[in-house]
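Trainee: Fold the stuff below for me.
(2 chains)
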Amino acid sequence: MQKQHVPTQTKIDLNNFVIRLGKIFSNISILFLILSFCGILSFVATAFIFLIGFILIILSIGTVFVYIPNYWDNLTNASRISAEISSFFLQYWYIFIAFTILFSILSLIFLKLDKNNKHTARIVISSIVVGIAIVAIIVILTGVIR
Amino acid sequence: MKTVNFKVVGINSKMIPNFKIDNEIIKFKKNEFDSYETTYQTDKDEIELTVSRNLELASKFWWLYALISFIVSIFGIFEPPYDKKNIVIDCKFKIKLNEFNEIKLTFNSLTTNGKAVEINTLNEYEEIKNEFYVDKKLKIRWILLLVSKILIWIALIIVIVFLVKNKI
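Mentor: Below you'll find the model as predicted:
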């Protein structure tokens, strides 16, 4: 038999609100995790733009320069913008990862406060987010990736 | 001491109602067959079982909670949606107890109105309330919230366009 102390309606409402906040923080933590990896992703994107550009040159046997006279300028401009975006995300990497951990831990605390329902899926997602963020910090701090 | 074995079928993770026996919240455990079970013990000869649903928009400070959620979730982008259907469960049963009691509650699928629960027991019971219904007040709140969000987003877009234009 499992009995519980009868909570007041205000407490129940507050509990629902805290769970809502937990879900919001869980969603925001995923956003910050993506942002913290954007530096690496945009670095890859820069390389990808160059790769596609060179493949086009090779496939067209250089005729791409005839059809698009400023092809090379466009290619270098696109890569430059991508590199700038990449450097912005890499510069603020620590801020994004810190917010990722903060929001996912807050979400875990808030979701664990609910004694009536289990939010297994959300808790698992937030735990994975914290795990990835911590592993990423360890990898960076130990100097495996610089 | 009388023992009551409760079994609940037909509920899912999206619709977990609150069960109270004589105003005391009772927790159920999910079994391997996706139904919920619990055992309750009492000295009373009769118990009052109530089943209800906690809807966020039914809260006294719903507007305050909604406002804070909207701001914290970056203008609602990361906010989980509020229950759109606003279906309320209102069930109340008075059940006379024997020495050993088996009570099975089968929930009907969530409809806009109709009978909520089928009760299956050998015990004598009185059905005081047993219904699903759409709470019109909550429905109005939901629409009000949606309209407010749309208006805020329109205002936000106007401000952004104005700022960008002025900068250019």
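
Trainee: And the strands in chain B?
Mentor: Secondary structure of chain B (DSSP state E): strands located at B:2-9, B:18-21, B:24-26, B:29-30, B:36-42, B:46-52, B:87-96, B:100-107, B:113-114, B:117-121, B:125-134.

Trainee: go on, chain A?
Mentor: Under DSSP E, chain A gives no strands.

Trainee: How much space separates the residue nearest the centre of chain A from residue B:120?
Mentor: The structure's chain A has its C-alpha centroid closest to residue A:34; by C-alpha atoms, centre = their mean the separation is 1.2 Å. Plainly put, residue A:34 is 50 Å away from residue B:120 if you go by C-beta to C-beta, to the nearest Å. Every C-beta, even on glycine, is put in place using the N, C-alpha and C of the backbone.

Trainee: for residue B:101, same thing?
Mentor: Applying C-beta to C-beta, the value for residue B:101 to residue B:120 is 12 Å.

Trainee: how about the strands of chain B in CSV, adding mean pLDDT, mean neighbour count and distance to chain A?
Mentor: Shown next, in CSV, are the strands of chain B (pLDDT from 0 to 100; neighbours: other C-beta atoms under 10 Å in any protein chain shown; distance: least, C-beta to the nearest C-beta, whole Å):
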stretch, mean pLDDT, mean neighbour count, distance to chain A
strand B:2-9, 90, 18, 9
strand B:18-21, 88, 18, 7
strand B:24-26, 84, 17, 4
strand B:29-30, 82, 12, 8
strand B:36-42, 88, 16, 5
strand B:46-52, 91, 18, 10
strand B:87-96, 91, 18, 14
strand B:100-107, 90, 17, 13
strand B:113-114, 77, 11, 24
strand B:117-121, 89, 16, 18
strand B:125-134, 90, 15, 18
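
Trainee: buried residues in the longest helix along chain B?
Mentor: In chain B, assigned by DSSP state H, the helix with the most residues is helix B:136-167. By 16 or more other C-beta atoms under 10 Å in any protein chain shown, the buried positions in helix B:136-167 come out as B:138, B:141-142, B:145.

Trainee: Now narrow the residues you listed to whatever sits close to chain A.
Mentor: With respect to chain A, and counting by C-beta under 8 Å from any C-beta of the partner chain, no part of those is in contact.

Trainee: wait, what's in contact with residue B:115?
Mentor: Residue B:115 is in contact with B:108, B:130-132, counting by C-beta atoms under 8 Å, 6 or more residues apart in numbering or on different chains.

Trainee: hmm, 10 Å instead?
Mentor: The contact partners of residue B:115, taken as C-beta atoms under 10 Å, 6 or more residues apart in numbering or on different chains, are B:91, B:108, B:127, B:130-132.

Trainee: okay, residue A:2: pLDDT?
Mentor: Note for residue A:2: predicted pLDDT of 47.

Trainee: and what of the one 3 residues further on?
Mentor: At residue A:5 the predicted local distance difference test score is 52.

Trainee: Next: the one 4 residues further on.
Mentor: You'll see residue A:9 listed with a pLDDT of 75.

Trainee: isn't it right next to residue B:59, touching?
Mentor: Yes - applying C-beta atoms under 10 Å as the test, residue A:9 and residue B:59 come out as touching, 8.1 Å apart.

Trainee: Looking at those two, which one has more neighbours?
Mentor: residue B:59 (20 against 11; other C-beta atoms under 10 Å in any protein chain shown).
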